[in-house]
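Participant: Could you work out the structure for the sequence below:
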Amino acid sequence: MANRMILNETSYHGKGAISNIVHEVKSRGFKKGLVVTDKDLIKFGVAGKVTALLDESGLAYEIFDEVKANPSVEVIKKGVERFKSAGADYMIAIGGGSPIDSSKGIGIIINNPEFSDVLSLEGVAPTHQKCVPVIAVPTTAGTAAEVTINYVITDEEKKRKFVCVDVHDVPTVAVVDPDMMSSMPKGLTAATGMDALTHAIEGYITKAAWELTDALHLKAIELISKSLRGAVNNEPEGREGMALGQYVAGMGFSNVGLGVVHSMAHPLSAYYDTPHGIANAVLLPYVMEFNKNYTGEKYREIARAMGVKGIDDMTPSQYRDAAITAVKQLAKDVNIPEKLSAIGVKEEDLPALSVDAFNDVCTGGNPRDCTAEEILEVYKIAF
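Facilitator: Down below sits the predicted model:
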């Protein structure tokens, strides 16, 4: 069996990386861009760091700033119309997962108009044309949307989030500049950072994992574990470590999938508009406990990457518990709530959430096969 890797054509990393955007636009012959972002990033001048470069170079663009957290079907449709009316031929997505995911949906529909209903993109849609070129500029260190073939859209009518997996949607260029992340508040830094850790751990233990993705995920776990506390305190080294760590995790999980943490987190965002990173962060230790006896020796290496000492002298039971404890401690250190009840989840919704989680596309990648009833039990323990 052949293993596949899909990545950006080009990526830039490190302080000042956004200075390369103008070169990329000009060298690729793009004529007019649609800047996809949200109103807060405009208001607080974050998107302006990029648009100032475009202005200085005389590059034409228009702004679409109607993206919101957990972007909806309606947002994607509006973005498609805005792209057309602007006469754009590429996009610059500035923001966290929401603007970058929105740009993927918009760009796929522009070049594959038969999916204009948006809903038909769910799962692995049979698109034929590559997405409109996207230059993705993340402002959070967590989703790795700038390097993945996945995006998530909210169906507000049915109160659910659905995952789209499409080899044609990966951004052409990723520009991962820690300076673009320096304005993130502590809470958002913690949530997105734990999201990145969830990507790395789930990608490492998923059924489709293989040697190359294992190497990426272990390095990502190491970088995130070393850097997240510092990033929350807005220390430059922490920001740089998180910017790289979350991208490395994205290189891996985009190509092998995720697991039940994400399956269980997606309905929380659909029901309660819970930030995705917070949902993952709360659920991660509980799902790790659920999976621990189905992961071979992998929890030993997770614990090692997180800096746990004496791993080689531990029994499998001990190093599995040590890995879970290390995750819990990191979450506690960055002030992540311990229970679902603390983030607004309602106990009476747990059965319905369990059914939605079981039907989520990520469930099939979990190392332990599970039923909706077993997912419900994990929700109850986490509640």
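
Participant: packing partners for the helix or strand where Leu353 lies?
Facilitator: Counting by DSSP states H and E, the element that carries Leu353 is helix 350-358. Judged by 3 or more Cβ pairs under 8 Å, 6 or more residues apart in numbering; DSSP states H and E, helix 350-358 is in contact with helix 260-272, helix 372-382. Heads up, the C-betas are built off the backbone N, CA and C, glycines and all.

Participant: Make CSV out of the ones you listed and add distance to Pro178 and mean pLDDT.
Facilitator: CSV is the format used below for the helices and strands packed on helix 350-358 (distance: least, Cβ to Cβ, whole Å; pLDDT from 0 to 100):
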stretch, distance to Pro178, mean pLDDT
helix 260-272, 25, 94
helix 372-382, 32, 98
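
Participant: now those in CSV, with distance to Pro71?
Facilitator: Converted to CSV, those look like this (distance: least, Cβ to Cβ, whole Å):
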stretch, distance to Pro71
helix 260-272, 11
helix 372-382, 25
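
Participant: Among these, show me which one is buried the most.
Facilitator: Per-stretch averages of neighbours, counted by mean count of other Cβ atoms under 10 Å, single out helix 260-272 among the helices and strands packed on helix 350-358, with a mean of 25.

Participant: what is the mean pLDDT for whichever helix or strand comes after that one?
Facilitator: Past helix 260-272, further along toward the C-terminus, the next helix or strand under DSSP H and E is helix 276-291. Mean pLDDT, computed over helix 276-291, is 96.

Participant: Can you name the next helix or strand after helix 276-291?
Facilitator: In the C-terminal direction, the helix or strand that comes right after helix 276-291 (DSSP H and E) is helix 298-305.

Participant: what helices or strands is that next one leaning on?
Facilitator: For helix 298-305, the packing partners by 3+ Cβ pairs under 8 Å, 6+ apart come out as helix 186-205, helix 211-232, helix 316-333.

Participant: could I get stretch 115-125 in PDB with only the CA atoms?
Facilitator: Below are the C-alpha coordinates for stretch 115-125, written out as PDB (Å, rounded to 0.1, in the frame of the first residue of the first chain):
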ATOM      1  CA  PHE A 115     -21.000  22.200  -5.500                       C
ATOM      2  CA  SER A 116     -22.500  25.700  -5.000                       C
ATOM      3  CA  ASP A 117     -25.000  24.400  -2.500                       C
ATOM      4  CA  VAL A 118     -21.900  24.000  -0.100                       C
ATOM      5  CA  LEU A 119     -23.600  21.000   1.700                       C
ATOM      6  CA  SER A 120     -22.500  18.600  -1.000                       C
ATOM      7  CA  LEU A 121     -18.900  19.300  -0.100                       C
ATOM      8  CA  GLU A 122     -19.300  17.200   3.000                       C
ATOM      9  CA  GLY A 123     -16.900  14.300   3.400                       C
ATOM     10  CA  VAL A 124     -14.700  13.400   0.500                       C
ATOM     11  CA  ALA A 125     -16.400  15.400  -2.300                       C
END
